[in-house]
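**Q** okay, sequence plus prediction incoming.
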Amino acid sequence: MDVTAEGERLADDLGRWLNDLTFVDLDTDEVTARVIDSVVRWAEAQGWRVYRRAPSVLPLPPPLEQRLSVLDVACARPDGPPVVVEVDHTDRARTVHKLRAEGDAGRIPIWVRWGVGRFTAPPPPVRMVTCEVTRRAGPTGRGRLHSRTGERPAPAHSTGGGTADTQALPIPLTDPERPA
């Protein structure tokens, strides 16, 4: 399978996984940690080796250029190139630069962006997965609080016009365990 198609497939799969993520009134750091934990569970469910805060191929900017930047999640797969995931709530050019360098090194880069919307798609080969949240002002000193409740429309129910056989059952008027 070509790497571009594989990246799209994996991003779609991770997006479906994150659709079930819910939380209420978490601050920015707590949301980021919750999303990273969910990404790790997704990767582990694939049977991959998962590394948090793995070294990136991209060095840090000066004066720390002797050290490498880190990735939120890196996954070693037995059947394909590694997958790397960054999780952010802001549109950071440095993240795009880092993920493009990872893509150039043969990895599949995925950027999970969470927030209230207005997500701008990054250039290929980076794939974006979005996680929309709501936010409100928190108590004094706590900053903004974010929630993702997963409110979805109710599923469609049967209208009784199906082909299933129905049968009326009698309702006993006395308790069969109790003598009359």
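**A** Arrived safely.

**Q** helix, strand or coil for residue 9?
**A** helix (DSSP: H, G, I helix; E, B strand; the rest coil).

**Q** just the buried residues of stretch 131-148, please?
**A** 131, 133, 135, 145-146, 148 (16 or more other Cβ atoms under 10 Å). (Each C-beta comes from the backbone N, C-alpha and C, glycine too.)

**Q** so which elements touch whatever helix or strand residue 37 lives in?
**A** Element membership of residue 37, judged by DSSP states H and E, is helix 28-45. In terms of contacts (3 or more Cβ pairs under 8 Å, 6 or more residues apart in numbering; DSSP states H and E), helix 28-45 is packed against helix 3-18, strand 23-26, strand 49-59, strand 68-76, strand 83-88, strand 108-115, strand 144-148.

**Q** what packs against the lowest-mean-pLDDT helix or strand in the chain?
**A** Least confident helix or strand, the chain: strand 134-137 with a mean of 91, by mean pLDDT, DSSP states H and E. Contact partners of strand 134-137 among helices and strands, from 3+ Cβ pairs under 8 Å, 6+ apart: strand 144-148.

**Q** can we see that at 10 Å?
**A** Judged by 3 or more Cβ pairs under 10 Å, 6 or more residues apart in numbering; DSSP states H and E, the packing partners of strand 134-137 are strand 23-26, strand 144-148.

**Q** how about the ones you listed, which one is nearest residue 12?
**A** Nearest of these to residue 12, taken as Cβ to Cβ: strand 144-148 at 19.0 Å.

**Q** now do the closest one against helix 28-45, angle only.
**A** Between strand 144-148 and helix 28-45, the angle comes out at 30 degrees (axes from the mean of the first three to the mean of the last three Cα atoms, to 10 degrees).

**Q** from the chain's centroid, how far away is strand 144-148?
**A** Centroid separation for strand 144-148 versus its chain: 16 Å, with Cα atoms, centre = their mean, to the nearest Å.

**Q** check stretch 6-24 too.
**A** That offset, for stretch 6-24, works out to 4 Å (Cα atoms, centre = their mean).

**Q** that one - what's its average pLDDT?
**A** The average pLDDT within stretch 6-24 is 96.
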